[in-house]
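> Quick one, what's the 3D model for this:
(4 chains)
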Number of protein chains: 4
Amino acid sequence: MTGRHGKPLGVAVVGYSFMGKAHSNAWRNVGAFFPDTPAVRQQVLVGRDAAAVKAAATRYGWADAETDWRAAIARDDVDVVDICTPGDTHAEITLAALEAGKHVLVEKPVANTVAEAERMVAAAEAAREHGQRTMVGFNYRRVPALELARRLIAEGRIGSVRQVRASYLQDWLTDPAAPMTWRLRKESAGSGVLGDLGSHVVDQVQHLLGDRVVSAAGHLRTFVPTRPGPNGPERVTVDDAAWATLETTNGVVASVEVSRMATGRKNALALEVYGDHGSITFDLERLNELQVLEGPGGEAAGARRVVVTEPHHPWVGAWWPPGHVLGWDHTFTIQAAELLTAIASDTDPAPSFADGLAVQKVLGAIEESAGQRGGRVDVVHTQP
Amino acid sequence: MTGRHGKPLGVAVVGYSFMGKAHSNAWRNVGAFFPDTPAVRQQVLVGRDAAAVKAAATRYGWADAETDWRAAIARDDVDVVDICTPGDTHAEITLAALEAGKHVLVEKPVANTVAEAERMVAAAEAAREHGQRTMVGFNYRRVPALELARRLIAEGRIGSVRQVRASYLQDWLTDPAAPMTWRLRKESAGSGVLGDLGSHVVDQVQHLLGDRVVSAAGHLRTFVPTRPGPNGPERVTVDDAAWATLETTNGVVASVEVSRMATGRKNALALEVYGDHGSITFDLERLNELQVLEGPGGEAAGARRVVVTEPHHPWVGAWWPPGHVLGWDHTFTIQAAELLTAIASDTDPAPSFADGLAVQKVLGAIEESAGQRGGRVDVVHTQP
Amino acid sequence: MTGRHGKPLGVAVVGYSFMGKAHSNAWRNVGAFFPDTPAVRQQVLVGRDAAAVKAAATRYGWADAETDWRAAIARDDVDVVDICTPGDTHAEITLAALEAGKHVLVEKPVANTVAEAERMVAAAEAAREHGQRTMVGFNYRRVPALELARRLIAEGRIGSVRQVRASYLQDWLTDPAAPMTWRLRKESAGSGVLGDLGSHVVDQVQHLLGDRVVSAAGHLRTFVPTRPGPNGPERVTVDDAAWATLETTNGVVASVEVSRMATGRKNALALEVYGDHGSITFDLERLNELQVLEGPGGEAAGARRVVVTEPHHPWVGAWWPPGHVLGWDHTFTIQAAELLTAIASDTDPAPSFADGLAVQKVLGAIEESAGQRGGRVDVVHTQP
Amino acid sequence: MTGRHGKPLGVAVVGYSFMGKAHSNAWRNVGAFFPDTPAVRQQVLVGRDAAAVKAAATRYGWADAETDWRAAIARDDVDVVDICTPGDTHAEITLAALEAGKHVLVEKPVANTVAEAERMVAAAEAAREHGQRTMVGFNYRRVPALELARRLIAEGRIGSVRQVRASYLQDWLTDPAAPMTWRLRKESAGSGVLGDLGSHVVDQVQHLLGDRVVSAAGHLRTFVPTRPGPNGPERVTVDDAAWATLETTNGVVASVEVSRMATGRKNALALEVYGDHGSITFDLERLNELQVLEGPGGEAAGARRVVVTEPHHPWVGAWWPPGHVLGWDHTFTIQAAELLTAIASDTDPAPSFADGLAVQKVLGAIEESAGQRGGRVDVVHTQP
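Model prediction:
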């Protein structure tokens, strides 16, 4: 299958560091594992440093490199714009790309503020009329074990959900001597771990349950208030750790804990979902496993350790035989396949910008609550 | 070693169901494992049903049975009164026993209300002048792995603690058809899971850190609002699940989640303590293990799985060779040994009534916060 | 229920160190947890050091102490003789006790040689005519999780068994400087880890499957050939580690590995049983858990982690509510209850001396095979 | 860096099913993660079915497709021949490719017989004189956790190794109704699970220890002796499961168990290495983890769970930040990088054909031993 002019779909990725590398990997490999998706061409990689982006483009398989994202967007041979830059630039690039008639994939969080996210949702809705597709990069939706979890919950396999216990713990800021960066300044990063890891957690809660958070009580903490900058100590203006208790439309209570100070936790997204006759738990450090408890069972009742590597598991058939585990980067390849499938079938991919906005609203409510000593704040979602 | 009159210390246990059985087991076995503690005599078991308490007394190794706790307390051959009745009776029995000159061990929570707990603390302080010892039965302080955790933290092995993630999850109320009981009525039980399991968690947080909670933000939920009673549905007036974010004097943030609705969790007390250069995690379902991460380490850094069954581990030398695991009930035997040691050495055993009061104050603040949509409530401790 | 003369059954335990302590604990507590078994009286503890056995008797709850096992056996107030001495004395004491009309419980291995075991079986059969009961102390048959495993296998829940993977690893001889003891001399100990831990493993294989081993190929190794004795280095004449591949009547292949040199393994009895449509795995370091895989399952197929602490699990109802884990020593209490139940009901307890003999024959075949470079040796069992 | 003529190195892969797909993936991605290796060009994919290999070539990123492997080898633009066909064709293709002056990577096992492997070793030695590199595809040497294990052992971190406990369990033949295939016929497959999975295990034992197996005692079993073929039941002439006890030059004893009938095990390569003051364990189902026990330790001694995702871990720096786990397929990318590095630096890559031959000799000894009821068979290695 091909793009607009009978040719492969041309892709531009904006950004070439961590996320740009992961997305490049996805575009380079998607066709090998998902041959029924439209063919793609890795057209152009965009970055500000001309030499560095040129080297990255060669390395990651891109035909061209470019320092001006506007020029990349303007190219006729580009059909999909994939935005991997920091959150404060998402709205501007997205709006321009949609204006230029492109499909858009934007990394999470969809934007740093609710206002920007709302503008993006509006632009996406308008572009949809012209067949343009938009998507937010919550890649953990593409972990086969988590997609299996979502399906099992939707099928009622654990009954009606009551409680979710969610956390995402890292430890890269444990050392007080770790230097100041743009990620620790509110003006550039929007927030700290809340936006970075909390956005994944809140999206998972809403996605796994097929539900929306309607109120939040939160607590934020900056454990290391100043960090060394080039000219002496600088004030950290974002959170190092965050906690929240969320309520959803269906009355589920979800507890959330995210941190960059949890010594020993490298990338530990952990989810526990308790229904009235079963439960599901997941730990990203064991990405290919899911623990599933169903029904009351008899004397051999207990949670099953599901090794999610069978051909009938979500997306797994595209890869290897049972027991041959996938890694973190495969989630981006699946994400690319999902976007391509949506483009080819003229359907809306998920997660939508509206999903991204819904997450931002919850994060905003957590921050607001934390600012008023934890009092609960309501979250109002617009449709859908 | 012996009691007041050169004879073994006489013990009375008040209550003969779950806790009475566990405490009886402790008194029956303490001398076999801790031969250096004073000798004890299982003098009398107290319960309201004459036939049932008589049978239990025979079964559990007691010399006598008694239906009136006042009569048991009045006995000259009773030196220690061990109270295993529901929380609303603790204050009355304790005050009477202290008045009668006995040492007192009281099950947790120390009382159902802060006011009662304060009266008990005052009485304990007065009795202390006469050499009487008082103790609250937070038996999880006697899990060797948790005592090891406390020591490692106190030695600074994980550095300065920043975050604690604590939960205690059970599932015995998952089924909405489970019948109404006194435990689900506020007037008899005081609170629901918050007092029952939350008290253990809050005591552990304070004890592991050697610190006090100074503020709390909380959330409570009753998932099943009515349950079948003998004459039709009755209203459940206590919480099924509770959440809190606590702050301590030293600035630690501890998240707490307790539930009786966490399908699949039978008795899952889980603790994670994150310091600035290490961490410790524990799970009661694997009572003999502790996960300990220390220092930055090199390429082989990681959390150690400590199997806490070595002779040099706390209290373990009293039992079996390495690898021969202890069970839940052994914690009560250790608790009895600790009380006996305190009596023999004229020192104050821990946890004290004041520790029990400190827990009650935190639980009270959580409830108060939950009543005002989660706004943070300060906790004021008196000395120490 | 009571003993022969309307009185409680009198018990004598011979031996007061590790096993004597564990068995004393069992007799002291059996009535508290299994009230329907005959009442027992802890009559006499036997040991060679008069002062030490007297102290142990007091500590462990025995009415008397005795230095001569013959005198203990001769007592009229002793109905049950429980033998906790080294294996080379089992036959003599057992035969004398049976001769004196007592019921006999003997620690594993039933004897150090096949010849002794055969004499014991014969004596037990004769005594059985007079209503005397005999039993071997393979206490791991009393681990609730392993009894559950046996039942599930017997019910066909994992289908027809094909393979068993079994190991029992300890590390207390890792250090070459650990001193010489009687356990490391063939004349006193019979064999090394093969008899000590291998006997447990072979009994489990035969018991779990309800099957007998019919041939064995084995390998033995002494990693540390000399150890310090009081007068200089002495030769170790038993095995430090042993391996075997066993075949059973039903064609199951069981691999066995036992070692005292497996650094880091404290008491790790691990069993994996693979049937043609399921599997079961167990690890003694997590004594209250069993992993059970049944049937092909669908997308949520996987092994269940069964926490074996429910009232409907084997023997568990005698103890605590769900999730309150048992320890290693509880297996001996259950063992005592099983013997008492058999005595009261005039039925044969298991494991029988014949079971013990069957284990010894397999161990003998492994040794014989190892002596001829691993060539397979047949095992001939007599009935049953 | 480039190939012989200043151009990228041209690669041909022979075979396009499971292994061909995995190797294609490696060649497509190696440059993105290892930019310092010579540039490669995916020149030609070879397979017997013209249409299928054409489709696969397009899908997997190859410039051309070819049905005749001789034609592919003859191409001037091919510098590296990567052989992913069944074992009985390895020798012929390898010899031809070396004759044609190419570098050769051959999938494991290096050949189906010792005789073929010996010819390949001789040819590799001759070709080495002309700067040609040869390598066997034991990809598990490229699991970062296993390479870390090897380094730690080599550094003496666990002391002198005494025992290895190794297994590789799968379950894809559990169902007796699974149909007959070429893999179950001795003439095409050489052996059953012994050659397939046993070769990996034996290579790991020799590689992790830097040692050679010098004797083997073995046992083989075909649990399902006939399977449905197109014209009725056919006899399975290879093993379904195999067991062995190996001895090495340094006196280590390694037990090996491999099976295709271990219900519930999907791809479970498990290794436990016990040294005299430490141990290391690994499980392929948790590919990014290693359990490491070092030294006697104090009260917090225990095996560390090392999450092998740090930049300083072997090869990991080429990928993602800490905690972002790799999958099974990444091992092939690393393997390609290692071969390219060897080519560029004119050094010998590992594992060599001689390593492959050493594995085949051990497998041969196991089979021979099994044929004589388990008697131990010596293995004679030629240099090195």
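
> going forward, measure contacts and count neighbours with C-alpha atoms only.
Fine.

> Output the longest helix belonging to chain A.
What stands out as the longest helix in chain A, according to DSSP state H, is helix A:353-371.

> OK, contacts around A:Thr89?
Residues near A:Thr89 by Cα atoms under 8 Å, 6 or more residues apart in numbering or on different chains: A:Ala111.

> circling back to that earlier point, how far out from the middle of the chain is the longest helix of chain A?
15 Å (Cα atoms, centre = their mean, to the nearest Å).

> Keeping just the C-alphas, turn that helix into CSV.
Only the C-alpha atoms of helix A:353-371 are listed here, as CSV (Å, rounded to 0.1, in the frame of the first residue of the first chain):
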residue,chain,number,x,y,z
PHE,A,353,-5.3,14.6,20.7
ALA,A,354,-8.4,14.6,22.8
ASP,A,355,-7.0,11.7,24.8
GLY,A,356,-3.9,13.8,25.3
LEU,A,357,-5.9,16.8,26.4
ALA,A,358,-7.8,14.6,28.8
VAL,A,359,-4.5,13.6,30.4
GLN,A,360,-3.4,17.2,30.6
LYS,A,361,-6.5,18.3,32.4
VAL,A,362,-6.0,15.6,35.1
LEU,A,363,-2.3,16.7,35.5
GLY,A,364,-3.5,20.3,35.8
ALA,A,365,-6.0,19.3,38.5
ILE,A,366,-3.3,17.5,40.5
GLU,A,367,-1.1,20.5,40.4
GLU,A,368,-4.0,22.8,41.4
SER,A,369,-4.9,20.5,44.3
ALA,A,370,-1.3,20.3,45.5
GLY,A,371,-1.3,24.1,45.5
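
> buried stuff in it?
A:353-370 (16 or more other Cα atoms under 10 Å in any protein chain shown).

> Need the residues that contact that helix.
Residues from elsewhere that reach helix A:353-371 (Cα under 8 Å, 6+ apart): A:108-114, A:117-118, A:120-121, A:124, A:134-136, A:194-195, A:198-199, A:202-203, A:212-220, A:244, A:375-381, A:384.

> Next to chain B, which bits of chain A? Give me the list.
Within chain A, the positions adjacent to chain B are A:162-163, A:174-175, A:217, A:219, A:223, A:243, A:245, A:255, A:261-264, A:274-279, A:293, A:302-303, A:372-376 by Cα under 8 Å from any Cα of the partner chain.

> Separate out the buried members of those residues.
A:162-163, A:174, A:217, A:219, A:223, A:243, A:245, A:255, A:261-264, A:274-279, A:293, A:302-303, A:373-376.

> residue boundaries of the helices in the stretch 51-200 of chain A?
Assigned by DSSP state H, counting those that start in this stretch, the helices in the stretch 51-200 of chain A fall at A:69-74, A:90-99, A:114-128, A:144-154, A:186-189, A:193, A:199-209.

> list the contacts for the one residue in chain A that gets nearest to chain C?
For chain A, the residue closest to chain C is A:Arg304, as judged by Cα to the nearest Cα, at 3.8 Å. Contact partners of A:Arg304, counting by Cα under 8 Å, 6+ apart, are A:Leu290, A:Gln291, A:Val292, A:Leu293, C:Ala300, C:Ala301, C:Gly302, C:Ala303, C:Arg304, C:Arg305.

> tell me the SS of the closest residue to it other than its chain neighbours?
Distance criterion Cα to Cα, 6 or more residues apart in numbering or on different chains; nearest residue to A:Arg304, sequence neighbours excluded, is C:Arg304 at 3.8 Å. Following DSSP: H, G, I helix; E, B strand; the rest coil, the label given to C:Arg304 is strand.

> Is C:Arg304 bridged to anything, and to what?
On the basis of DSSP bridges, C:Arg304 is bridged to A:Arg304, C:Val292.

> Quick one, grab the pLDDT at it.
pLDDT recorded at C:Arg304 is 95.

> any idea how far it lies from D:Asp171?
17 Å (Cα to Cα, to the nearest Å).

> returning to that earlier point: by mean pLDDT, show me the worst of the helices of the stretch 51-200 of chain A.
helix A:186-189 - the lowest mean pLDDT of those, at a mean of 87.

> Now the element after that helix, going C-ward?
helix A:193 (DSSP states H and E).

> Tell me the helices and strands packed up against that next one.
Contact partners of helix A:193 among helices and strands, from 3 or more Cα pairs under 8 Å, 6 or more residues apart in numbering or on different chains; DSSP states H and E: none.

> Pull the residues that contact it.
Around helix A:193, the neighbours that count as contacts under Cα under 8 Å, 6+ apart are A:Val238, A:Asp239, A:Asp240, A:Ala241, A:Ala242, A:Val258, A:Ser259, A:Arg260.

> Pull the contacting residues for the first one.
Which is A:Val238. By Cα under 8 Å, 6+ apart, A:Val238 lies in contact with A:Leu184, A:Arg185, A:Lys186, A:Gly190, A:Ser191, A:Gly192, A:Val193, A:Thr222.

> Now the two most distant members of the residues you listed.
Largest separation among the contacts of A:Val238 by Cα to Cα: A:Gly190 and A:Thr222, giving 14.5 Å.

> neighbour count winner among the two?
Each of A:Gly190 and A:Thr222 has its neighbours counted (other Cα atoms under 10 Å in any protein chain shown); A:Gly190 has more, 20 against 16.

> Wait, A:Trp243 touches A:Leu220, no?
Yes. Counting by Cα atoms under 8 Å, A:Trp243 does reach A:Leu220; the two are 6.5 Å apart.
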